[in-house]
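Engineer: sequence first, predicted model second:
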Amino acid sequence: MPEERIISEELKNEDQTIDLTLRPHTLSEYVGQEQIKANLKIALQASRKRKDSLEHILLHGNPGLGKTTLAYVIAHELAVGIRITSGPAIERAGDLAAILTSLADHDILFIDEMHRLNRVIEEVLYPAMEDYKLDLVVGKGPGARTIRLDLPRFTLIGATTRMSNLSGALRDRFGLTFRLDYYAPADIEKIVKRSAAILGVKLVPAAASEIARRSRRTPRVANRLLKRVRDYSEVKGDGTVDMKLTKAALGALSIDELGLDEIDRRILETIIDKFQGGPVGLNSVAAAVAEEMETIENVYEPFLLQLGFLTRTPRGRVATSEAYKHLGRQPPATAQQLEV
């Protein structure tokens with residue numbers, strides 16, 4: 001795997017600054033996820049009317065779809081503070097205690113990668129979420145004792161890319177659970193145009209549509225591609241992002257018309273060429289493309305499945321007739337039969 005994968009949904013260092021610049025502040029500015037926004041508006045209005053803290057919220061979905069951004073939007077809408085951390089960063093109960101006791105009433109605590117929380121930390125979190133109490137053990141051995149601290153009425157917003165890895169006990173303590181899906185192409189195009197306006201990029205409408213089409217229906221990828229196309233147009237042109245420069249820039253990055261890169265195509269080609277289209281086990285595919293099974297399953301496969309290029313069967317992965325067509329090959333009759 002190359003050091004940098006341009007269309008990776010994972011957060012990169014280069015995304016930090018641009019995310020802060022382009023991040024929406026209100027639900028009206030937040031593009032897409034309409035059903036989630038409609039439900040959140042009701043919850044926010046009810047919270048303001050009661051003058052009480054918002055229910056705990058669990059956000060899940062693939063990386064880059066706007067879970068962190070949505071947490072910031074909720075905090076802004078409620079005019080409250082927000083504290084950001086992640087599951088791996090909370091190593092001890094004392095770490096969690098320090099964060100929780102620093103919050104003010106109605107503040108938001110956002111924990112990213114909740115599926116990586118230590119189980120001991122989870123146990124400490126339960127009474128904090130339910131009763132706004134924090135139970136801490138002081139001392140060791142026979143002299144150890146438990147003290148209970150009162151906490152402000154905070155709102156926990158958890159985010160995860162692996163919902164199944166969360167314990168049932170933790171999931172049940174969230175009052176609201178939302179799944180963020182891949183965005184519609186029209187919404188991605190709106191995001192590209194909005195980002196271009198904020199960054200001062202001269203963007204031809206057709207070029208915005210082309211960038212959106214190759215952005216894997218993911219806002220983070222769309223903003224990253226816009227940045228790369230902008231740089232290319234400033235060097236190769238007069239700074240105006242038109243269709244010709246957009247196609248040239250994305251072609252130089254080996255990103256095709258549907259947003260697939262070399263690794264995506266290699267996975268499909270391996271299944272088609274080496275394993276006759278499948279079914280083939282994930283371990284065999286991983287060995288053939290020199291990638292880890294977990295990386296293929298969690299990073300590459302979700303979008304290929306979303307496009308309908310792969311199917312998962314009890315016997316293994318199968319390349320669909322659409323995958324053959326995208327690679328410019330004639331699908332065999334067996335590929336169509338396996339899809340039925």
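Structural biologist: Done, it's in. Because the structure is predicted, anything quoted here is derived from the model rather than measured.

Engineer: which one is residue 177 nearest to, not counting chain neighbours?
Structural biologist: Nearest residue to residue 177 in three dimensions, chain neighbours excluded: residue 58, at 4.5 Å (Cβ to Cβ, 6 or more residues apart in numbering). Bear in mind the C-beta positions are built from the backbone N, C-alpha and C, glycine included.

Engineer: tell me the phi and psi of residue 155?
Structural biologist: phi -120, psi 130 (degrees, to the nearest 10).

Engineer: hang on, I meant residue 229
Structural biologist: According to degrees, to the nearest 10, residue 229 has phi -70, psi -40.

Engineer: and residue 209, what helix or strand is that in?
Structural biologist: Element membership of residue 209 [criterion: DSSP states H and E] is helix 205-213.

Engineer: sorry, wrong one. I was asking about residue 306.
Structural biologist: Per DSSP H and E, residue 306 falls inside helix 301-307.

Engineer: contact partners for residue 31?
Structural biologist: 24, 183, 187, 190, 191, 194, 219 (Cβ atoms under 8 Å, 6 or more residues apart in numbering).

Engineer: burial count for the residue nearest to residue 153 when sequence neighbours are not counted?
Structural biologist: Leaving out its chain neighbours, the residue that sits closest to residue 153 by Cβ to Cβ, 6+ apart is residue 53, at 4.2 Å. Look at residue 53: counted by other Cβ atoms under 10 Å, it has 19 neighbours.

Engineer: quick one on the thing from earlier: what helices and strands are in contact with the following helix or strand past the helix holding residue 306?
Structural biologist: Using DSSP H and E, the next helix or strand after helix 301-307 towards the C-terminus is strand 310-313. Identification of packing neighbours for strand 310-313 by 3 or more Cβ pairs under 8 Å, 6 or more residues apart in numbering; DSSP states H and E yields helix 301-307, strand 316-319, helix 333-339.

Engineer: buried residues in strand 310-313?
Structural biologist: Neighbour-count burial for strand 310-313 flags 310, 311 (criterion: 16 or more other Cβ atoms under 10 Å).

Engineer: let me see the contact set for the closest residue to residue 173 other than its chain neighbours.
Structural biologist: Distances taken as Cβ to Cβ, 6+ apart put residue 129 closest to residue 173, at 4.7 Å, once the chain neighbours are dropped. With contact set as Cβ under 8 Å, 6+ apart, residue 129 has these partners: 56, 156, 173.

Engineer: domain boundaries for this structure, per the record?
Structural biologist: Listed by automatic domain parsing, the domain ranges of the chain are 33-179, 185-252, 262-339.

Engineer: CSV for those domains, including mean pLDDT?
Structural biologist: Shown next, in CSV, are the domains of the chain (pLDDT from 0 to 100):
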stretch, mean pLDDT
domain 33-179, 89
domain 185-252, 91
domain 262-339, 84
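
Engineer: ranking these by burial, who's on top?
Structural biologist: Most buried of the domains of the chain, by mean neighbour count (mean count of other Cβ atoms under 10 Å): domain 185-252, with a mean of 19.

Engineer: distance across that one, terminal residue to terminal residue?
Structural biologist: By Cα to Cα, to the nearest Å, the extent of domain 185-252 from end to end equals 22 Å.

Engineer: please state the offset of it from the chain centre?
Structural biologist: Here domain 185-252 is found 20 Å from its chain centre; the criterion is Cα atoms, centre = their mean, to the nearest Å.

Engineer: from residue 195, how far out is residue 225?
Structural biologist: 10 Å (Cβ to Cβ, to the nearest Å).

Engineer: nope, residue 75 is what I was after
Structural biologist: 21 Å.

Engineer: still on that earlier bit, determine the set of other helices and strands touching the helix holding residue 306.
Structural biologist: helix 262-269, strand 310-313.

Engineer: contacts only, for residue 215.
Structural biologist: So residue 215 contacts 7, 188, 192, 221, 222, 225, 259 (Cβ under 8 Å, 6+ apart).

Engineer: next step: those residues restricted to strands.
Structural biologist: Of the contacts of residue 215, none are assigned to strands by DSSP state E.

Engineer: surely residue 312 touches residue 305?
Structural biologist: Yes. The pair residue 312 / residue 305 is scored as a contact, 7.3 Å apart, by Cβ atoms under 8 Å.

Engineer: now stretch 177-192, how far from the centre of its chain.
Structural biologist: 11 Å.

Engineer: which residues sit against it?
Structural biologist: Against stretch 177-192 from outside (Cβ under 8 Å, 6+ apart): 31-33, 36, 39-40, 57-62, 65-67, 70, 163, 171, 203, 208-209, 211-213, 215-219, 222-223, 226, 303, 306.
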